[in-house]
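J.: sequence plus predicted model, see below.
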Amino acid sequence: MLTTSIEILQVASQIINWLYHEALMVGIKANRDFLCLSFELEQGETLGLVANVDPKDSDGCISWSLVMEDSFAEVQKLHTNFTDSASEYRKFLGPLSLELLYATLIDLIAFVSGGGGGQ
C-alpha cells in the first residue's frame with residue numbers, strides 16, 4: 001500500500017510538471033512545487049492548483065483543489081500554527097481527467113493573463 005501511495009504521488013508530481021511546462025509554452029510565468037502549480041496575481045495573491053493524494057484511498061485517486069492565498073498568508077504561517085480562513089480560500093475540485101486538468105489550466109491562464117494577475 002505504501003509503494004502504491006508513493007507511486008501515485010510521483011504521478012501527481014509528473015502531472016504538475018506537465019501543466020507547468022504547458023503554462024510556460026504559452027508565456028505565463030508559473031511556479032511549481034512537488035504537488036502544486038501556482039500563479040502570482042497582481043494584488044499579491046497566489047492562485048494554486050494543488051494535487052491531493054489520500055494514502056488510505058485504495059483506488060489510488062488524485063484529487064485536485066484550487067487555493068487562493070494573499071501575500072501575508074505565508075508570513076502568518078511562519079509565525080503561527082494556524083491559517084486564517086480570511087487569508088486562504090480553497091475550492092475542492094475532486095478527481096479530474098487529464099482533459100479537464102488541461103482545460104482548467106487554460107482557464108487559469110486566461111484568468112491570470114486577462115487581468116486576474118500578471119505575466
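T.: Received the coordinates, thanks.

J.: pick out the residue nearest the middle of the protein.
T.: Leu49 (1.9 Å; Cα atoms, centre = their mean).

J.: can I assume that one is in contact with Tyr102?
T.: No: in this structure, Leu49 is not within contact of Tyr102 by Cβ atoms under 8 Å, at 11.3 Å. Any C-beta I mention is one placed from the backbone N, CA and C, and that applies to glycine too.

J.: which residues are in contact with each of those two?
T.: Leu19 (Cβ atoms under 8 Å, 6 or more residues apart in numbering).

J.: tell me where the protein has helices.
T.: Along the chain, counting by DSSP state H, helices occupy 2-25, 73-79, 98-111.

J.: what is the end-to-end distance of stretch 23-31?
T.: End-to-end span of stretch 23-31 (Cα to Cα, to the nearest Å): 10 Å.

J.: what comes into contact with that stretch?
T.: 20, 37-40, 105, 109, 112-113, 118-119.

J.: any chance of those residues in TSV, plus distance to Met68, neighbour count and pLDDT?
T.: Shown next, in TSV, are the contacts of stretch 23-31 (distance: Cβ to Cβ, whole Å; neighbours: other Cβ atoms under 10 Å; pLDDT from 0 to 100):
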residue	distance to Met68	neighbour count	pLDDT
Tyr20	19	20	96
Leu37	14	24	97
Ser38	10	20	95
Phe39	10	23	94
Glu40	11	17	89
Leu105	16	20	95
Ile109	16	20	91
Val112	12	21	87
Ser113	17	15	84
Gly118	15	13	49
Gln119	18	11	47
